[in-house]
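Visitor: sharing a model prediction with you, sequence too.
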Amino acid sequence: MWNVPNRILFGWGSVTELGEYLDEFDADHPLVVTDEGVRAAGVLDPLLDAIEASGRSYTIFDGVQPDPTDVIVHEAASAYDEAGADLILGVGGGSSIDTAKAASILATNDGHILDFEGSGNVPNDPPPSVFVPTTAGTGSEVGHWTIVKDSDTSIKEEIGDVSLLADLAIVDPELTASAPAPVKAATGMDVLTHAVEAYVSIKAQSQTSALALDSIEKVGEYLPRAVEYRGEDREALSKMAKASSQAGMAFNGAGLGAVHAISHQVGGTFGVPHGLANAILLPYVMEYNLPQVPEEMVSIAAALGEDVDPSKPARTEGEKAVRAVRRLAADVRIPETLAETAAERDAIPQLAEQAIDDGSLTGNPRATDVDDLATILERAFDGRFETGA
């Protein structure tokens with residue numbers, strides 16, 4: 001199964017057209033779900049101007065936090081009810097858009113948000129939704145999944161339903177311009193992780209693989225330029241924004257893998273930003289998966305600009321993909337190991353036990369058990385690669 005948003009509006013300055021689409025949705029009062037940083041940076045201003053120009057009022061909920069918990073989701077849902085809103089407008093990174101999706105479930109369904117964990121468990125359709133990313137990263141604007149952290153256990157739970165797909169996704173690369181360089185780097189590597197995991201997934205499809213491979217190529221070429229953006233390189237930001245949405249659509253159909261299964265636990269337990277955790281873990285998981293998908297790794301290496309030799313064994317040439325990802329991460333100043341984050345090595349057994357039950361693991365091309373996941377974590381803490389990659 002492969003599902004995509006009803007519509008995607010892409011282009012520099014495209015948020016100024018928001019009012020026209022609100023007319024189509026017959027929405028009079030949107031709830032804008034975002035975080036304080038996006039609001040303080042003025043990134044919301046063009047959207048709010050567009051809403052006001054259409055003659056509408058709005059309410060802003062800016063209480064989103066990284067890795068949103070069930071508590072925050074319920075606060076956003078209460079804000080929707082109190083405002084008498086009739087449309088959810090999620091603006092920001094993945095946390096804001098995930099919060100908007102989860103709050104939209106509660107707008108039309110009774111119960112606790114974690115009651116809807118799993119796939120296809122949302123009985124009543126949410127209100128109309130518009131999602132606007134301000135980072136080239138999660139691709140959440142084009143997906144039908146939301147991640148909510150259980151405030152009691154710190155475990156990230158996944159909720160998926162086709163009704164969570166945006167009625168409209170507005171991808172405006174201009175909104176990503178103000179993100180700090182470290183954020184651009186981590187979210188950009190998140191794009192690469194989505195694309196790589198979708199490409200090697202056991203649930204990959206021809207259309208998801210095409211989107212994933214093109215995204216990999218874009219990230220390899222444009223991420224360093226986007227990170228160094230100083231107000232002139234619109235092409236780099238536009239290509240990264242497109243890569244993000246393409247990778248989001250790819251994994252929405254093909255699923256993910258062990259990188260996300262592990263990073264969800266690292267982020268939930270220690271607060272390591274999702275994109276950063278993915279960026280660090282990606283080459284270690286790629287090396288682990290290499291024996292199962294050597295041809296796919298060769299294609300990834302080629303997409304990242306490596307000179308691959310088809311006359312040589314695929315497994316040997318596939319190692320070039322791991323090396324290319326490591327070089328790209330280094331170029332944009334991503335730490336090499338989890339030891340350089342807030343994560344603690346002593347927690348490896350706990351993290352591995354939690355990761356084995358993560359839904360993302362179902363797409364991983366190589367079978368894994370708890371010991372395998374622990375080994376990957378150990379290597380990621382130690383900076384150790386077995387193949388010399």
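Guide: It's in.

Visitor: helices of the protein, start to end?
Guide: 18-25, 36-40, 45-53, 70-83, 94-108, 181-200, 206-227, 234-254, 258-270, 274-289, 294-303, 314-331, 348-355, 370-382 (DSSP state H).

Visitor: can you redo the ones you listed as TSV with mean pLDDT and distance to residue 5?
Guide: No exception for glycine: its C-beta is placed from N, CA and C like everyone else's. Converted to TSV, the helices of the chain look like this (pLDDT from 0 to 100; distance: least, C-beta to C-beta, whole Å):
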stretch	mean pLDDT	distance to residue 5
helix 18-25	89	12
helix 36-40	93	21
helix 45-53	95	18
helix 70-83	98	20
helix 94-108	96	12
helix 181-200	97	16
helix 206-227	97	14
helix 234-254	96	8
helix 258-270	96	21
helix 274-289	97	21
helix 294-303	98	25
helix 314-331	97	28
helix 348-355	97	29
helix 370-382	98	33
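
Visitor: out of those helices, flag the one nearest residue 62.
Guide: helix 36-40 (4.9 Å; C-beta to C-beta).

Visitor: which parts of that closest one are buried?
Guide: 37-39 (16 or more other C-beta atoms under 10 Å).

Visitor: with stretch 334-344 instead?
Guide: 334, 337-338, 341, 343.

Visitor: which residues touch stretch 216-224?
Guide: 184-185, 188-189, 191-192, 195-196, 199, 235-236, 239-240, 242-243, 246, 300, 303-305, 324, 328, 331-332 (C-beta atoms under 8 Å, 6 or more residues apart in numbering).

Visitor: can you say which of those residues are buried?
Guide: 184-185, 188-189, 191-192, 195-196, 199, 236, 239-240, 242-243, 246, 300, 303-304, 324, 328, 332.

Visitor: what about the buried residues of stretch 334-344, which are in strands?
Guide: Members of these lying in strands (criterion: DSSP state E): none.

Visitor: now, which of these sits nearest residue 156?
Guide: residue 343 (14.6 Å).

Visitor: ramachandran angles for the closest one?
Guide: phi -70, psi 150 (degrees, to the nearest 10).

Visitor: burial measure for the closest residue to it other than its chain neighbours, as a count.
Guide: Using C-beta to C-beta, 6 or more residues apart in numbering and skipping residues adjacent in sequence, the residue nearest residue 343 is residue 270, 4.6 Å away. Residues near residue 270, counting by other C-beta atoms under 10 Å, number 16.

Visitor: and the nearest residue to residue 190 once chain neighbours are set aside, how far is that from residue 268?
Guide: Closest residue to residue 190 apart from its sequence neighbours, by C-beta to C-beta, 6+ apart: residue 275 at 3.7 Å. Distance from residue 275 to residue 268, counting by C-beta to C-beta, to the nearest Å: 14 Å.

Visitor: if residue 10 is in a bridge, with which residues?
Guide: residue 171 (DSSP bridges).

Visitor: check whether it really touches residue 239, as I assumed.
Guide: No - if you go by C-beta atoms under 8 Å, residue 10 and residue 239 don't touch, sitting 11.5 Å apart.

Visitor: and the chain, what are its domains?
Guide: By the assignment in automatic domain parsing, the chain contains the domains 8-176, 181-382.

Visitor: any chance of JSON lines for those domains, columns distance to residue 2?
Guide: Converted to JSON lines, the domains of the chain look like this (distance: least, C-beta to C-beta, whole Å):
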{"stretch": "domain 8-176", "distance to residue 2": "10"}
{"stretch": "domain 181-382", "distance to residue 2": "3"}
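
Visitor: contact partners for the residue positioned nearest the centre of the chain?
Guide: When the chain is reduced to its mean C-alpha position, the nearest residue by C-alpha atoms, centre = their mean turns out to be residue 138, at 2.0 Å. Taking C-beta under 8 Å, 6+ apart as the criterion, residue 138 is in contact with 93-94, 97-98, 187, 190, 194, 244, 248, 274-275.

Visitor: go on, residue 135?
Guide: 92-94, 176, 179, 183-184, 187, 244.

Visitor: next: residue 204.
Guide: 198, 212, 254.

Visitor: please verify my assumption that the first one contacts residue 213.
Guide: This points to residue 198. No - using C-beta under 8 Å, residue 198 is not in contact with residue 213, being 9.5 Å away.

Visitor: grab the nearest non-local neighbour of residue 219.
Guide: residue 192 is the one closest to residue 219 (C-beta to C-beta, 6+ apart), at 4.5 Å.

Visitor: how far away is that neighbour from residue 246?
Guide: 12 Å.

Visitor: list residues touching both of these two?
Guide: residue 215.

Visitor: and stretch 57-69, how far out from the chain's middle?
Guide: Between the centre of stretch 57-69 and the centre of its chain there are 18 Å (C-alpha atoms, centre = their mean, to the nearest Å).

Visitor: how about it: buried residues?
Guide: 58-64, 67-69.

Visitor: now do stretch 27-45
Guide: Neighbour count says stretch 27-45 has 27, 29-35, 37-39, 43-44 buried, by 16+ other C-beta under 10 Å.

Visitor: just stretch 99-114 next, same as before
Guide: 99-107, 109, 113-114.

Visitor: repeat that for stretch 194-210.
Guide: 194-201, 203-204, 208-209.

Visitor: from those, which is closest to residue 383?
Guide: Using C-beta to C-beta, the buried residues of stretch 194-210 come closest to residue 383 at residue 196, 19.7 Å.

Visitor: tell me the contacts of that closest one?
Guide: 212, 216, 259, 282, 286, 300, 325.

Visitor: of those - the most surrounded one?
Guide: residue 212 (32 neighbours).

Visitor: do you know how far the closest residue to residue 158 other than its chain neighbours is from residue 325?
Guide: Excluding its sequence neighbours, the residue lying closest to residue 158 (C-beta to C-beta, 6+ apart) is residue 359, at 5.0 Å. To residue 325, residue 359 is 24 Å away according to C-beta to C-beta.
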